[in-house]
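Undergrad: Sequence and computational prediction follow.
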Amino acid sequence: MRDKIQQIREKALAEIDKADGLEKLNDVRAAILGKKGELTAVLKGMKDVAPDERPKVGQWVNETREAVEKLLDEKVKKFEAEALKRKYEREKIDVTMPAKRSQKGNLHPVTQVKDQLSEIFTSMGFEVYEGTEIENDYYNFTALNTPKDHPARDMQDTFYLSPEFLLRTQTSAGQIHVMEAKKPPIKVVSPGKVFRSDDDATHSPMFTQMEGLVVDKGITLCDLKGMLDQLVKKMFGKNVTTRLRPSYFPFTEPSVEVDVSCFQCHGKGCSLCKGTGWIEVLGAGVVNKKVLEGCGIDTNEYSGFAFGIGLERIAMLKYGINNIKLLFESDLRVLDQIDDN
Ligand code: DAH
């Protein structure tokens, strides 16, 4: 019996020794220690052993079991450690490698200007109204005191879609929709695309404007000037001021052209302000009574001011762009440089 157990032990230890993986070790464990294993069979055959031999045989079996289990456990640990090491090797990260740069997009410069202005105006209590790009003649011209054959229609070369419908030439058309829909007090800005048959370094057939309209009791040109001063400080810097020059728009009386003091040279004269110290930024004025009355607003009680800003022009001034086409060519070498938000 002793020899048999010894043989089982030697065979088991030899097989464990040659095992090349966890699977093989499990096979050995089953073949020796499992329910139907060789060592288990010896225990099962104990009834045939003489009673006084049994303790000894039991002891040999136990010693063998312990020796086999010990070697098995050691080998299992070794294989597991090796597997872990291989896994770590596979998943190793070289922290000194340069990181992959994720490409971050930015908003189009005109959108950036639109967002900045919208934020300034909403902080002043303006609502935002977005009109439609197709308008009819009435909203774009007639209701803005520009009836058919009015010479001011020549100021804006219009794309007509039919005798009645056109692509709006100015966001001013939105003023009329707002005044028809709302009673004063009114305080809205209206950004959007406008269209004119016009094309050179500073003009594009499609461009973007932001209209502003305030109607309330006792509104004067002074309110316009005060608001504009606040606006340009927030947009161009604390030291920037405005000046008003007389101008003409059919829907405002008086009408003004608004200049800002040059934010590049601060009035000394440079190429941006063409040596004048001032830069023209928008048109504005006191809303013509005829326009208010056409919308059913009592001009004995209410008055208003309005303004229209060309957003491409502001973007060009702010970001030093000298040709409006650069804003429409979608060249990332240009657009990537402008990230103000
Ligand atoms: N609509 C004018 C334009 O396109 C800009 C403008 C001027 C709008 C004066 C106004 C304003 O509301 O009061 O040239």
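TA: That came through fine.

Undergrad: Give me every residue in the protein lying close to the ligand.
TA: Residues of the chain that fall close to the ligand, judged by Cβ under 6 Å from any ligand atom: 170, 172, 211, 249, 252, 283-285, 306-308. C-betas here are computed from N, CA, C, even on glycine.

Undergrad: Who wins on neighbours among the residues you listed?
TA: The most crowded member of the residues of the chain next to the ligand, judged by other Cβ atoms under 10 Å, is residue 172 (29 neighbours).

Undergrad: Surely it is in contact with residue 307?
TA: No: with contact defined as Cβ atoms under 8 Å, residue 172 does not count as touching residue 307 (9.7 Å).

Undergrad: Just the residues of the chain next to the ligand: which are in strands?
TA: 211, 249, 252, 283-285, 306-308 (DSSP state E).

Undergrad: Could you single out the nearest of those residues to residue 162?
TA: residue 211 (24.2 Å; Cβ to Cβ).

Undergrad: Next, the contact list for the closest residue to the closest one other than its chain neighbours, please.
TA: Of all residues not flanking residue 211 in the chain, residue 171 sits nearest, at 3.7 Å (Cβ to Cβ, 6 or more residues apart in numbering). By Cβ atoms under 8 Å, 6 or more residues apart in numbering, residue 171 lies in contact with 131, 190-192, 194, 209-211, 308.

Undergrad: what about 10 Å?
TA: Contacts for residue 171 (Cβ atoms under 10 Å, 6 or more residues apart in numbering) come out as 129-131, 133, 135, 140, 189-194, 208-213, 308-309.

Undergrad: And for residue 324?
TA: 199-204, 207, 310, 312-313, 315-316.

Undergrad: Next one: it relative to residue 269, how far apart?
TA: Applying Cβ to Cβ, to the nearest Å, the value for residue 324 to residue 269 is 24 Å.

Undergrad: Strands - which of the contacts of residue 171 land there?
TA: 135, 189-194, 208-213, 308-309.

Undergrad: To which secondary structure element type does residue 314 belong?
TA: helix (DSSP: H, G, I helix; E, B strand; the rest coil).

Undergrad: can you check residue 291 too?
TA: helix.

Undergrad: can you give me the strands for the stretch 51-200 of the chain?
TA: For the stretch 51-200 of the chain, the strands defined by DSSP state E, counting those that start in this stretch occupy 127-128, 134-136, 165-167, 186-195.

Undergrad: Residue 211 and residue 142, how far apart?
TA: 17 Å.

Undergrad: what does residue 104 give?
TA: 47 Å.

Undergrad: higher neighbour count, those two?
TA: Shown here are residue 104 and residue 142; by other Cβ under 10 Å, residue 142 has more neighbours (15 against 7).

Undergrad: can you pull the contacts of that one?
TA: If you count contacts by Cβ under 10 Å, 6+ apart, residue 142 has them with 136, 148, 150, 176, 294.

Undergrad: Isn't the first one up against residue 162?
TA: Yes: using Cβ atoms under 10 Å as the test, residue 136 is close enough to residue 162 to be in contact (9.2 Å).
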